[in-house]
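In: structure for the following, please:
(chains A and B)
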Number of protein chains: 2
Amino acid sequence: MQKSVITISREFGSGGRTIGRIVAEKLGFAFYDQDLILKVAKESGLAEQIVEKYDEYATHKNSLLYALALSAGAGAGGTLSFVSRVQQAQAKIITELANKGSCVIVGRGGDYILRGREDCLHAFIHADMQFRAERVVRLYGDNGQKPEQRLRDKDERRKLYYRSFTMREWGDMHNYHIALDSGALGMETCVDILVALAKGGQ
Amino acid sequence: MQKSVITISREFGSGGRTIGRIVAEKLGFAFYDQDLILKVAKESGLAEQIVEKYDEYATHKNSLLYALALSAGAGAGGTLSFVSRVQQAQAKIITELANKGSCVIVGRGGDYILRGREDCLHAFIHADMQFRAERVVRLYGDNGQKPEQRLRDKDERRKLYYRSFTMREWGDMHNYHIALDSGALGMETCVDILVALAKGGQ
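Out: The predicted model follows:
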């Protein structure tokens, strides 16, 4: 069966975002990533800057101070209302985008928001530490932090963010139709598999 | 890159074994499953009946009584030596089989035993409870136990078995190059993807 919406979750540095972009190009699908955050900002009425900073940072109790600081910046309501507003707006926009036309959606818990829809393919991209560390330094440069620690920090934030509104575990293979090791298989192969699946088979 | 060995781990009822058999047929690879256990029995000098019963039952402390009962049946040595002998023999045989020629190996921690080998593709097949429950009753009949409980029991035993000699978590996507939801994607599609990957791409 053909799939008109592909959601991609990914470990930091695994190339999941790039894979998603190329898959979208090859299929002629729209591609949503950073643009989505900006739409969330407009929809929720929150300042773009705040939403960008908030994005993918958890509301988990360990990040409560961070969330509180952000909510203070937002001006109105408590932490919960701030968090809730961002997440509700995001879920609404992702659903609207998926209804509007064929697309690839990277991150933002798209797999959870669109769970159970027959027209969606949910993919997860991961890779080992070495592959990701080399790739992150090559693409984003050295920020002084050890690459491995940088990866762990970022993945941890994604995990907390995901858990905060899904009550599921990020990276649990049961939440995805397919999980691919981009380091071992190669990014091109991952693209080819997802394109073939979206077209309804191999 | 072409792969000459495919290991398949799978949730009970997901069709992973059948997928492995068809992949082997399509590629002209050998297929190892039950035969492997019999080879283990011969190699280790243990009675076939005992090894068959032992297979995929854990040495985890929760299963200690079970392991003890089996080791008593084996006649010599304590639980550890019994368990250790079976596992060492199994690892040796799986490595030998992988060295001998192209093959598909289902279960038995093949992904762990052959980890790090460039010529291996490690796959995991899973599916949701409904798909697996229906399939198990259709294929193996009703044994009086609720299908969902039957699946949970069997998966739990596989998990404990795997953990007992790998110190890794069964079903953690990081241990596999690819994880596929056979219920959502369809078993034929899973076969096609694995065959294409073994041939070196899509």
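In: below-threshold pLDDT in chain A: ranges please.
Out: Counting by pLDDT under 70, chain A has low-confidence residues at A:34-86, A:201-202.
In: now do the strands in it.
Out: All strands of chain A, identified by DSSP state E, fall at A:5-10, A:30-32, A:103-106, A:120-126, A:178-181.
In: reformat those as a markdown table; add distance to residue A:92.
Out: C-betas here are computed from N, CA, C, even on glycine. Formatted as a markdown table, these follow (distance: least, CB to CB, whole Å):
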| stretch | distance to residue A:92 |
| --- | --- |
| strand A:5-10 | 15 |
| strand A:30-32 | 14 |
| strand A:103-106 | 14 |
| strand A:120-126 | 17 |
| strand A:178-181 | 27 |
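In: look up phi and psi at residue A:141.
Out: Dihedral angles of residue A:141 (phi, psi; degrees, to the nearest 10) stand at phi 80, psi 170.
In: brain fart, residue A:4
Out: phi -100, psi -10.
In: surely it and residue A:101 touch.
Out: Yes. With contacts defined as CB atoms under 8 Å, residue A:4 counts as touching residue A:101 at a distance of 7.5 Å.
In: thinking again about what came up before, now render the strands of chain A as CSV, adding mean neighbour count and distance to residue A:16.
Out: Formatted as CSV, the entries for those read as follows, by neighbours: other CB atoms under 10 Å in any protein chain shown; distance: least, CB to CB, whole Å:
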stretch, mean neighbour count, distance to residue A:16
strand A:5-10, 27, 2
strand A:30-32, 19, 13
strand A:103-106, 25, 7
strand A:120-126, 25, 3
strand A:178-181, 26, 9
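In: quick one: which of these is nearest chain B?
Out: Nearest of those to chain B, taken as CB to the nearest CB: strand A:178-181 at 4.0 Å.
In: ok, back up a step: looking at residue A:4 and residue A:101, which one has more neighbours?
Out: When residue A:4 is set against residue A:101 and neighbours are counted by other CB atoms under 10 Å in any protein chain shown, the residue ahead is residue A:4, at 17 against 10.
In: tell me, what residue is most central in chain A?
Out: Most central in chain A under CA atoms, centre = their mean is residue A:107, positioned 0.9 Å from the mean C-alpha point.
In: near chain B, which residues of chain A?
Out: By the criterion of CB under 8 Å from any CB of the partner chain, the positions of chain A lying close to chain B are A:124, A:126, A:128, A:171, A:173-174, A:176-181, A:184-185, A:188-189, A:192-193, A:196-197, A:201-202.
In: just the buried ones from those, in ChimeraX syntax?
Out: In ChimeraX, this line selects whichever of the residues of chain A next to chain B come out buried by 16 or more other CB atoms under 10 Å in any protein chain shown:
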select /A:124,126,171,173,174,176,177,178,179,180,181,184,185,189,192,193,196,197,202
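In: just the ones in helices from the residues of chain A next to chain B, please.
Out: Per DSSP state H, helices hold the following members of the residues of chain A next to chain B: A:184, A:185, A:188, A:189, A:192, A:193, A:196, A:197.
In: ok, these vs residue B:161, which is closest?
Out: For these, the closest approach to residue B:161 (CB to CB) belongs to residue A:184, at 24.6 Å.
In: didn't that closest one look like it was pressed against residue B:177?
Out: Yes. Under the criterion of CB under 8 Å, residue A:184 is in contact with residue B:177, at a separation of 4.7 Å.
In: sorry, back to before: between the strands of chain A, which gets nearest to residue A:136?
Out: Counting by CB to CB, and looking across all of those, nearest comes strand A:5-10 at 12.4 Å.
In: what does the closest one contact?
Out: Residues outside strand A:5-10 that contact it (CB atoms under 8 Å, 6 or more residues apart in numbering or on different chains) are A:16-17, A:19-20, A:23-24, A:29, A:98, A:102-107, A:109-111, A:114, A:117, A:119-126, A:162, A:170-171, A:176, A:194, A:198.
In: now stretch A:94-102
Out: Applying CB under 8 Å, 6+ apart, the external contacts of stretch A:94-102 come out as A:4-5, A:27-30, A:32, A:36, A:103, A:105, A:108, A:110, A:113-114, A:117, A:119-120.
In: what do you get for stretch A:182-190?
Out: Stretch A:182-190 is touched from outside by A:14-16, A:18-19, A:125-128, A:130-132, A:180, B:177-178, B:197, B:201-202, with contacts defined as CB under 8 Å, 6+ apart.
In: cool, stretch A:17-32 as well?
Out: When contacts are defined by CB under 8 Å, 6+ apart, stretch A:17-32 is touched by residues A:4, A:6, A:8, A:10, A:33, A:94, A:97, A:101-107, A:125, A:182, A:187, A:190-191, A:194-195, A:198-199.
In: check the offset of that stretch from the chain's centre.
Out: The chain centroid and the centroid of stretch A:17-32 are separated by 14 Å under CA atoms, centre = their mean, to the nearest Å.
In: what comes up buried for it?
Out: Judged by neighbour count (16+ other CB under 10 Å), stretch A:17-32 contains these buried residues: A:17, A:18, A:19, A:20, A:21, A:22, A:23, A:24, A:27, A:29, A:31, A:32.
In: leaving out chain neighbours, which residue sits closest to the third one?
Out: In space, not counting the residues next to it along the chain, residue A:19 is nearest to residue A:190; the distance is 5.1 Å by CB to CB, 6 or more residues apart in numbering or on different chains.
In: list the contacts for residue A:135?
Out: Neighbouring residues of residue A:135 by CB under 8 Å, 6+ apart: A:13, A:14, A:15, A:127.
In: from those, which single one is nearest chain B?
Out: The shortest separation between chain B and any of these is 9.1 Å, and it belongs to residue A:127 (by CB to the nearest CB).
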